[in-house]
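>>> just to be clear, the model below is a prediction. Sequence and coordinates:
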Amino acid sequence: MSLPRPLVVILGATGCGKSRLALELGRRFSGEIVSADSMQVYKGLDIITNKVTQAEQQLCTHHMISFLDPLVSYSVVDFRNKALSVIEDIIDRQKIPIIVGGTNYYIESLLWKVLVDTKEGKICSATDGGVGSGTSSPNRKEELEKLDSQDLYKRLAEVDPEMAEKLHPHDKRKETKCCNSGLSASNSVTCSVSLSRSLQVYEEVGVPHSKLLQQQHQEEGGGPLGGALRFPRPCILWLHADLAVLDGRLDRRVDDMLTAGLLEELNGFHTQYNQQKVAENSQDYQHGVFQSIGFKEFHEYLTSNSNCSETREKLLNQGIAALKQVTKRYARKQNKWVRNRFLKRPGANVPPVYSLDVTDVSQWEETVLRPAAQILESFLKGEEPTMLPLTMESDQYEGKRSRQVCELCDKIILGDQEWKAHLKSKNHQYHLKRRKKAEAHLNTHSSPGSNEIIPQDT
């Protein structure tokens, strides 16, 4: 009996060479590549979304790239359903599916079984079986996002105080990493929730979101980070580089994009899809392909009517600087997700991760391709790789979403680590210094013998 084909997942920050490794492994091991990038599913913006070239796609079969109109709304549920069908077909043909991309919640939806899927009113358990049905609008989450955040928080506190305790009152749409969640929602990760999302779940299911998550933990193979693994033995490779080296690489990549025609691509896309929206003041950089890193950073440049070359040049340089900055920030976020999701909380439903250092690309063959091939060969034979997976000291979930109120800064802080960081922040230290100065001033002027004239009661 032949062993089942392993699911290969290549993780890593943008600019680390994930697509290169996927292509080389695909050609060597008769694999097919499944893109897990929320922006590459759309047609257009090939340069800014860093799609593989047509020539590269000819070398190895690629899926889930450039099949959607840019104006079509597409959720992680849509992705999961289509991608799983593609993966099953690849495995049935005795090929190896290779998942590669930088959208974390897309990857999570493939690795873990989820609990809640409110798309079209269908509710699924962690084993994808029906447990209920809802009747609210499929766009209910977007409708809720338009309401005042304080009103949303008050509503949620009434119907699900346990979940409200884990969320910030301003998390109307922004997805908050709550690591005991198992949602599948547009613009969220498998362990993310928001005020609007939790209210949507309650309205459609009639059961508090927190109770559904508790059920998920009790599913066979489930745990505090989500449901059971979909595939029994995924082969996960993590490409990472020295931060300073990666930053320089990302800066050069932006420069290469400009040389490749980035501005022409952005101008053409803006004229075709966004110009009318800007004129109507209805542009939206929170949904669809308009979320792409790079498009909104050039908004001022694209919409400027100035004929002054100096003004245009200034706006262009600002866009380039912003693109470089946000790309570096995104890379850090991607690596942080790998550490938090895979390394800090090991368990039965968290697969091992094998580390590949891509700092020195001149050593690619020795430090990346060869060890990656050896690891995959071991998986194909049903053996443990000679290379050991990464391990890190695990964090306890206890206190991860603890709630603290800083009256001094008028802020609500969620999480022990976030609270510690807040106490050390410049903003908190500034307010603390002001309060101490005010208290010292008050004590000086209210002490006996001071020259302050104290009014007498009349």
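Sure thing, it's come through.

>>> tell me where the chain has strands.
Here the chain has its strands, by DSSP state E, at 8-12, 31-35, 62-63, 96-100, 122-124, 130-133, 176-177, 192-193, 235-240, 353-357, 403-406, 411-414.

>>> quick check: buried residues in the last one?
Put plainly, it is strand 411-414. Neighbour-count burial for strand 411-414, counted by 16 or more other C-beta atoms under 10 Å, picks out 411, 413, 414. (Glycine included, C-beta is placed from N, CA and C.)

>>> listing partners with orientation, what would you give for it?
Sheet pairing for strand 411-414, assigned by DSSP bridges, gives strand 403-406 (antiparallel).

>>> do the same with the third one
Taking DSSP bridges as the criterion, strand 62-63 forms sheet pairs with strand 31-35 (parallel).

>>> and what of the longest one?
Here strand 235-240 is paired, per DSSP bridges, with strand 8-12 (parallel), strand 353-357 (parallel).

>>> tell me the most buried of these?
Relative to the other members of those, strand 8-12 carries the highest mean neighbour count by mean count of other C-beta atoms under 10 Å, namely a mean of 25.

>>> residues contacting it, please?
Defining contact as C-beta atoms under 8 Å, 6 or more residues apart in numbering, one finds that strand 8-12 is touched by 18, 21-22, 25, 31, 96-100, 102, 107, 110-111, 234-240, 334-335, 338, 353, 358, 376.

>>> same question for stretch 255-271.
Judged by C-beta under 8 Å, 6+ apart, the contacts made with stretch 255-271 from elsewhere in the structure are 44-48, 50, 70, 294-295, 298, 302-303, 316, 320.

>>> most widely separated two among these?
50 and 303 (24.0 Å; C-beta to C-beta).

>>> distance check, residue 148 against residue 169.
In this structure, residue 148 and residue 169 are separated by 10 Å, where distance is defined by C-beta to C-beta, to the nearest Å.

>>> who has more neighbours, those two?
Set side by side, residue 148 and residue 169 show more neighbours around residue 169, with 15 against 9, by other C-beta atoms under 10 Å.

>>> check contacts around the more buried one.
Remark: with contacts taken as C-beta under 8 Å, 6+ apart, residue 169 is in contact with 149, 150, 153, 195, 412.

>>> next one, pLDDT for it please.
At residue 169, the predicted lDDT confidence score is 71.

>>> circling back to that earlier point, compare residue 50 and residue 303 (neighbour count), which wins?
Set residue 50 next to residue 303 and count neighbours by other C-beta under 10 Å: residue 50 wins out with 19 against 14.

>>> OK, contacts around that one?
Neighbouring residues of residue 50 by C-beta under 8 Å, 6+ apart: 14, 19, 40, 253, 257.

>>> kindly report the same for residue 319.
297, 298, 300, 301.

>>> go on, residue 34?
62, 63, 64, 83, 86, 87, 90, 97, 98, 99, 100.

>>> out of the residues you listed, who's nearest residue 386?
Checking the contacts of residue 34 against residue 386 with C-beta to C-beta, the nearest one is residue 98 at 21.3 Å.

>>> shaky segments in the protein?
Residue ranges of the chain with pLDDT under 70: 1-2, 114-142, 168, 170-193, 215-227, 276-291, 345-347, 392-402, 445-458.

>>> related to what we said a few turns ago, quick one: which of the strands paired with strand 235-240 is nearest residue 312?
Across the strands paired with strand 235-240, closest to residue 312 is strand 8-12 (C-beta to C-beta), at 35.9 Å.

>>> okay, angle between that closest one and strand 96-100 too, please.
With axes from the mean of the first three to the mean of the last three C-alpha atoms, to 10 degrees as the basis, strand 8-12 and strand 96-100 are set at 20 degrees to each other.

>>> please compute how far strand 8-12 lies from its chain's middle.
Using C-alpha atoms, centre = their mean, to the nearest Å, we find the averaged C-alpha position of strand 8-12 to lie 15 Å away from the chain's own average C-alpha position.

>>> same question for stretch 84-91.
Going by C-alpha atoms, centre = their mean, where stretch 84-91 is centred and where its chain is centred differ by 24 Å.

>>> list the contacts of that stretch.
Under the criterion C-beta under 8 Å, 6+ apart, external residues in contact with stretch 84-91 comprise 4, 5, 7, 32, 34, 63, 64, 96, 97, 99, 110, 230.

>>> state the number of residues packed around the second one.
Looking back up the chat, that one is residue 5. Neighbour count of residue 5, defined by other C-beta under 10 Å: 21.

>>> where's it relative to residue 310, distance?
Relative to residue 310, and taking C-beta to C-beta, residue 5 is found at 58 Å.

>>> same question, the fourth one
The spacing between residue 32 and residue 310, counted by C-beta to C-beta, is 50 Å.

>>> how about the third one?
Distance of residue 7 to residue 310, given as C-beta to C-beta: 53 Å.

>>> looking at those two, which has the bigger crowd around it?
Residue environment comparison for residue 7 versus residue 310 gives the larger neighbour count to residue 7, 25 against 8, counting by other C-beta under 10 Å.

>>> residues in contact with that one?
By C-beta under 8 Å, 6+ apart, the neighbours of residue 7 are 87, 97, 99, 110, 231, 234, 235.

>>> could you rerun that using 10 Å?
Under the criterion of C-beta atoms under 10 Å, 6 or more residues apart in numbering, the neighbours of residue 7 are 34, 87, 90-91, 96-99, 110-111, 229-236, 351, 379.

>>> find the centremost residue of the chain, please.
With distances taken as C-alpha atoms, centre = their mean, the residue of the chain nearest its centroid is residue 104 (4.7 Å).

>>> excluding its backbone neighbours, what's nearest that one?
Leaving aside its chain neighbours, residue 104 sits nearest to residue 337 (4.8 Å; criterion: C-beta to C-beta, 6 or more residues apart in numbering).

>>> let me know the closest of the contacts of stretch 255-271 to residue 330.
residue 294 (10.5 Å).

>>> residues contacting that closest one?
The contact partners of residue 294, taken as C-beta under 10 Å, 6+ apart, are 39, 45, 47-50, 254, 257, 262, 265-266, 319-320, 322-323, 326-327.

>>> and for residue 51?
Residue 51 neighbours (C-beta under 10 Å, 6+ apart): 19, 35, 37, 39, 40, 42, 44, 45, 57, 62, 65, 66.
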